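K.L.:
this is a predicted model, with the sequence first.
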Amino acid sequence: MAKAASESPRWEDVVIRLVAERGDALTRYAYLISGSRDDASDLVQEALVKTFGRLRNGFTIASAEAYVRRAILNTYLDSGRRSSRWRKIAHLQAAPEIDEPKDVVTESRIDLRGELMKLTPRERACLVLRYYEDLKVDDIAEWLEISPGAVKRYLSDGLGKMAISLKDDGKTDAH
């Protein structure tokens, strides 16, 4: 019995022989399934990794080829499912409500997003809820589960920091 266990080829040897003897046939099979030479090579590679990713001994070349062929098909079908799912939800991808400014001067003078990112999370949350969502102080306090006094403090601190950052940098328009 010990002799029979030692006679079964190691998985590394099976992979080497499989690729050497049947690699072209596997690639042609993957090409027929995918319709792309580049995708075919990737499919074969992924199928080999999936099949032999865990140490598996006891494969013959024929059984290993059958496993790899099945893995090629499953990998291709899985990628098709992923892309069809993506096509169904791609239109739901978030897009900014406001286009980024094209004018460099405008961009440098009014970078509210950049300035908001410099604030603490609570200050930023209070300012966004107050001025973007147009909530009252009591509503913000309830939303964030803090006191109205804390909301006022965060609003004051945040506005103060932004006023310093956004103040005129010495360049004034003649208009």
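P.N.:
Arrived safely. Residues are numbered from 1 along each chain as shown.

K.L.:
and residue 11, how many neighbours?
P.N.:
17 (other C-beta atoms under 10 Å). Placement of C-beta: from N, CA and C, glycine included.

K.L.:
now do residue 21
P.N.:
If we define neighbours as other C-beta under 10 Å, then residue 21 has 11 of them.

K.L.:
next one: residue 46
P.N.:
Neighbours around residue 46, by other C-beta under 10 Å: 19.

K.L.:
just residue 164 next, same as before
P.N.:
Residues near residue 164, counting by other C-beta under 10 Å: 9.

K.L.:
quick one, what contacts the nearest residue to residue 147 once chain neighbours are set aside?
P.N.:
When the adjacent residues along the chain are set aside, residue 147 lies closest to residue 141, with 6.0 Å between them (C-beta to C-beta, 6 or more residues apart in numbering). The contact partners of residue 141, taken as C-beta atoms under 8 Å, 6 or more residues apart in numbering, are 147-148, 150-151.

K.L.:
let's see it at 10 Å
P.N.:
Contacts for residue 141 were tallied using C-beta atoms under 10 Å, 6 or more residues apart in numbering; they are 126, 129, 135, 147-152.

K.L.:
between those residues, identify the one with the most neighbours.
P.N.:
Using other C-beta under 10 Å as the neighbour test, the contacts of residue 141 are led by residue 126, with 29 neighbours.

K.L.:
for that residue, phi and psi?
P.N.:
phi -60, psi -40 (degrees, to the nearest 10).

K.L.:
and it, what's its pLDDT?
P.N.:
pLDDT recorded at residue 126 is 88.
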